[in-house]
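Trainee: Below is the sequence, then the predicted model.
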Amino acid sequence: MNFFDEARIYTKAGNGGSGACSFRREAHVPYGGPDGGNGGRGGHIVFKCRLGINTLIDYKFKQHYKASPGEQGKGKNRNGANGEDLILNVPLGTQIFDEDHNLLCDFETKDQEFQLLKGGEGGRGNASFKSSINQAPKISNPGEATVEHTIYLKLKIFSDVGLVGFPNAGKSTLISAISNARPKIANYPFTTLKPYLGVVLYDEKDFVIADIPGLIEGASDGVGLGHKFLKHIERCKTLLHLIDVTSENPLESYRTIRKELNKYSDLLLEKKEIIALSKIDLLPKEEVAEIQKTLAKDLNTHILTFSAVASMNLDKLKQELVKLIFNS
């Protein structure tokens, strides 16, 4: 399935039904009174957060959404039925913005609902205009008309762990090795052009991990994939920062990505982080140990090592993630 995280759509609540202008017509009652019913209310436009949806693709191919109008009032004091509300399902993490890009709603919990537009009120039938000085009113109201609104949908995915690092650092290989996600994998940069979500099971616990497309220097200014995917990292509870152990300068690789994250949002400064050297099967153990020791000293933190291809230290990595997610 294609991943779409932005959409512009046009929405319109239902018009209200018109009130009826009617008089009683019965045998032996030549001058029956007014009995026109009121029109029904138009349908609302309501957004609802649903689990199991991971993309806004449905809104990419259909842009216009209109709720049902209210039914017209009828004689014999029968009111028109209300129009059916239009329920639009969106994934967790969706944000709704108006035409001026003001935030209207942020979906952070499942089954959360937001009424975007209210349906038009139904018009009054002539029966409701009857008074002591006007026993036979011949007027009724049309239903309230509604107008179309343009809105913007933007998705920031939620996950327990966000994988970050340079392109080709081994993120896709790792997520395919420890979760049920199956991203495209190849030995060249920018293989991943859309986020992938996977569920990891370990020690009777499960957590969601997101493979965020590779970042490069200048990403916070929009270079490369830039802002398109940096926004998704804001929703991750924990960061797993991968560094290719075969890179020319692992420390500089880390600092470059960290700089872009910090420039993009202060929220990323507060997130817990695990740093891990990937692809350790490509170098001798002694060389990996030396790089690990040097990097740990420079960054003053513990550095994990693993190889997804050779299934080395994957349980240790999952153990550390579970500890950080569930004990923090």
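Mentor: Looks like it came in fine.
Trainee: mind listing the strands in the stretch 201-328 of the chain by residue range?
Mentor: 205-211, 236-244, 272-278, 303-305 (DSSP state E, counting those that start in this stretch).
Trainee: Just put the ones you listed in JSON lines and tack on mean pLDDT and mean neighbour count.
Mentor: Using the backbone N, CA and C atoms, a C-beta is placed for each residue, glycine as well. Compiled in JSON lines, these are given as follows (pLDDT from 0 to 100; neighbours: other C-beta atoms under 10 Å):
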{"stretch": "strand 205-211", "mean pLDDT": "87", "mean neighbour count": "20"}
{"stretch": "strand 236-244", "mean pLDDT": "92", "mean neighbour count": "22"}
{"stretch": "strand 272-278", "mean pLDDT": "95", "mean neighbour count": "21"}
{"stretch": "strand 303-305", "mean pLDDT": "97", "mean neighbour count": "21"}
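Trainee: Mind putting those strands into TSV with distance to residue 314?
Mentor: Converted to TSV, those look like this (distance: least, C-beta to C-beta, whole Å):
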stretch	distance to residue 314
strand 205-211	12
strand 236-244	12
strand 272-278	11
strand 303-305	10
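Trainee: For residue 199, find the nearest of those.
Mentor: Of all the strands of the stretch 201-328 of the chain, it is strand 205-211 that lies closest to residue 199, at 5.6 Å by C-beta to C-beta.
Trainee: chain center to that closest one, what's the gap?
Mentor: Here strand 205-211 is found 17 Å from its chain centre; the criterion is C-alpha atoms, centre = their mean, to the nearest Å.
Trainee: Just want the angle from it to strand 236-244.
Mentor: If you take axes from the mean of the first three to the mean of the last three C-alpha atoms, to 10 degrees, strand 205-211 sits at 60 degrees to strand 236-244.
Trainee: partners of strand 205-211, with directions?
Mentor: Neighbouring strands of strand 205-211 in its sheet, by DSSP bridges, are strand 159-164 (parallel), strand 196-202 (antiparallel).
Trainee: any idea which of those strands scores lowest on pLDDT?
Mentor: Of all the strands paired with strand 205-211, the minimum mean pLDDT falls on strand 196-202 (a mean of 84).
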